[in-house]
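Visitor: Build me a model:
(2 chains)
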Amino acid sequence: MSEKKFVEEITPMDEDFARWYTDICKKAELIEYTSVKGCMVLRPYGCSIWENIQKLLDARFKELGHENVYMPLFISESLLQKEKDHVKGFAPEVAWITHGGGEKLEEKLCVRPTSETLFCEHYANIIHSYRDLPKLYNQWVSVVRWEKTTRPFLRTREFWWQEGHTIHAAAEEAMAETEGMLDVYAKFCENQLAIPVIKGRKTESDKFAGAEATYAIEALMHDGKALQAGTSHYFGDGFAKAFEITYTNKDNQKAYPFQTSWGVSTRLIGGIIMTHGDNRGLVLPPAVAPIQAVIIPIAQHKAGVLEKCAELKEKLSAFRVKLDDSENSAGWKFSEYEMKGVPVRIELGPRDIEAGGCVMVTRHDGNKETVSLDDIENALERKLNEVRDGLYAKALANREKRTYACRSMDEISDCLAKNGDGFVKAMWCGDEECENKVKEQTGVSSRCIPKEQERIDDVCVCCGKKAEYMLYWGKAY
RNA sequence: CGGGGUGUUGCGCAGUUGGUAGCGCGCUUGGUUUGGGACCAAGAGGCCGCAGGUUCGAAUCCUGUCACUCCGACCA
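Guide: The predicted model follows:
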């Protein structure tokens, strides 16, 4: 009984992981392609996952004092160019508007690839006194980056995200914001999405264009490749100086404020797919699943079955529950909702009604349990928690199995060749040249300098000089 | 951006030496079914990715172009 038998449309993941991934995106009705490269339609099921992510994060941001705003879609060329590192980083992948209403524009406009410049322009206008600080802003929008290679969710030319932009009087306060928001992301990934992440700082060569420091959370996918799941940047007062954002401090002196920005995107959905999915399809963490439990009537035309199912649905109104009373066979429905990753399936037929119970099946492990209808709410709550914990444990086990500590370049290459892709923990001297050499010779690039450091060795894995940091390395999406 | 592969009905595909398009699934209608993708019957659905060209005639040959996909390079 191979799994393939159940869902013939999905390529098995060990046969071709990339194809498995796109199969899931299409078959689970998350997205559809359009006639413009790299631009996808987020279909209702995929959109609903994103909305659930938004709801949870937005509430958390607001608890922490952030306010939402909307910045424009366009940035004038001169504004984009004000901070030189920033423009250097983004110019190559920017889409330009050259015409409007059939006439050539005097100054071309870029479609925002990120909105630091827009926030800076605005902050310069509204911040005058230390009393105006801090400003804790966020926006939920889409941005455009003209990528050459595109993949649904992981790298699209237009993608949806949130970008938080904050501005503070004190450097320490801005740094605390940067680290605090990274923590918000990490907890969200682990607790709600059941994706274990590594928190760390990016190396100099890998940090955000214009940032003083970039922090990121890195997750390991089922195939052993790393996915950057969220970032948080500390800008110091660099942007403030470039954009002339100044205020008068308590001592009646002109001062430059300190800034941060942080974001997560629809890429998180790609992370969910590649962390939890299996050969039967998608597996969704309950916190963001559009349907947390699906009720499937058995022999639904027999007297009383549909009525009992509707009653059950009513009883479970605290959860996102769907009753599928379509004419498809029960077996078809089982496969359909497995493919769509619904965490819990509830079967209810004449036999169950007679016994006063129903059958609950958890998607991630296929476990079946007969549950009394009297206690159904608690049972579902318990099951959903089980799914979250089970998913997290499975993902963590995969990451641990695929994390290797290495002391030499040869050991890295051998280890990856023998065990497959994964995270490599290795020491580094801090020199960019060594970072590049490791990538050239072993194929893994630096992912981050983890907050929790370990001493694998005393010397750099590349040059043999004194080691400064332990780095996580990996092949990245 | 370089190299390989693919575009034919909603999906998966076939289509020979150029002669005007077919199969399976799905869809619609009616009936029987329903504890792991049910069955019977009758239907509907296609400018063959797009634009040129060759030809009496092009899904098929030629040129260009767009999209998807894989491998690199680039990149949050």
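
Visitor: and the residue in chain A sticking out farthest from the centre, how far is that from RNA strand B?
Guide: Ranked by distance from the centre of chain A (CA atoms, centre = their mean), the top residue is A:A303, with 45.9 Å. As judged by CB to the nearest atom of the strand, to the nearest Å, A:A303 and RNA strand B stand 12 Å apart. For glycine as for every other residue, the C-beta is placed from the backbone atoms N, C-alpha and C.

Visitor: Surely A:E32 and A:Y45 touch.
Guide: No. Judged on CB atoms under 8 Å, A:E32 makes no contact with A:Y45 at a distance of 11.0 Å.

Visitor: higher neighbour count, these two?
Guide: A:Y45 (17 against 13; other CB atoms under 10 Å).

Visitor: In contact with that one, which residues are there?
Guide: Going by CB atoms under 8 Å, 6 or more residues apart in numbering, A:Y45 touches A:28-30, A:290, A:340.

Visitor: In PyMOL, select just the buried ones from these.
Guide: This is the PyMOL syntax for the buried subset of these, where burial follows 16 or more other CB atoms under 10 Å:
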select buried, chain A and resi 28+30+290+340
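
Visitor: among the contacts of A:Y45, which are within reach of RNA strand B?
Guide: Applying CB under 7 Å from any atom of the strand, the subset of those adjacent to RNA strand B is empty.

Visitor: Secondary structure for the contacts of A:Y45 - can I get that in a markdown table?
Guide: A markdown table is the format used below for these (DSSP: H, G, I helix; E, B strand; the rest coil):
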| residue | secondary structure |
| --- | --- |
| A:A28 | coil |
| A:E29 | coil |
| A:L30 | coil |
| A:P290 | coil |
| A:K340 | coil |
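
Visitor: any chance of the contacts of A:Y45 in a markdown table, with pLDDT too?
Guide: Below are the contacts of A:Y45 laid out as a markdown table (pLDDT from 0 to 100):
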| residue | pLDDT |
| --- | --- |
| A:A28 | 92 |
| A:E29 | 91 |
| A:L30 | 93 |
| A:P290 | 97 |
| A:K340 | 95 |
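
Visitor: got JSON lines for the contacts of A:Y45, with distance to A:G101 too?
Guide: Listed next are the contacts of A:Y45 as JSON lines, based on distance: CB to CB, whole Å:
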{"residue": "A:A28", "distance to A:G101": "41"}
{"residue": "A:E29", "distance to A:G101": "38"}
{"residue": "A:L30", "distance to A:G101": "36"}
{"residue": "A:P290", "distance to A:G101": "40"}
{"residue": "A:K340", "distance to A:G101": "44"}
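
Visitor: was I right about A:E67 contacting A:Q139?
Guide: No. Using CB under 8 Å as the test, A:E67 is too far from A:Q139 to be in contact (9.9 Å).

Visitor: Quick check on those two: which one has the bigger neighbour count.
Guide: A:Q139 (18 against 11).

Visitor: Give the buried residues for the helix or strand hosting that one.
Guide: If you go by DSSP states H and E, A:Q139 is part of strand A:135-144. Within strand A:135-144, the residues scored as buried using 16+ other CB under 10 Å are A:135-140, A:142-144.
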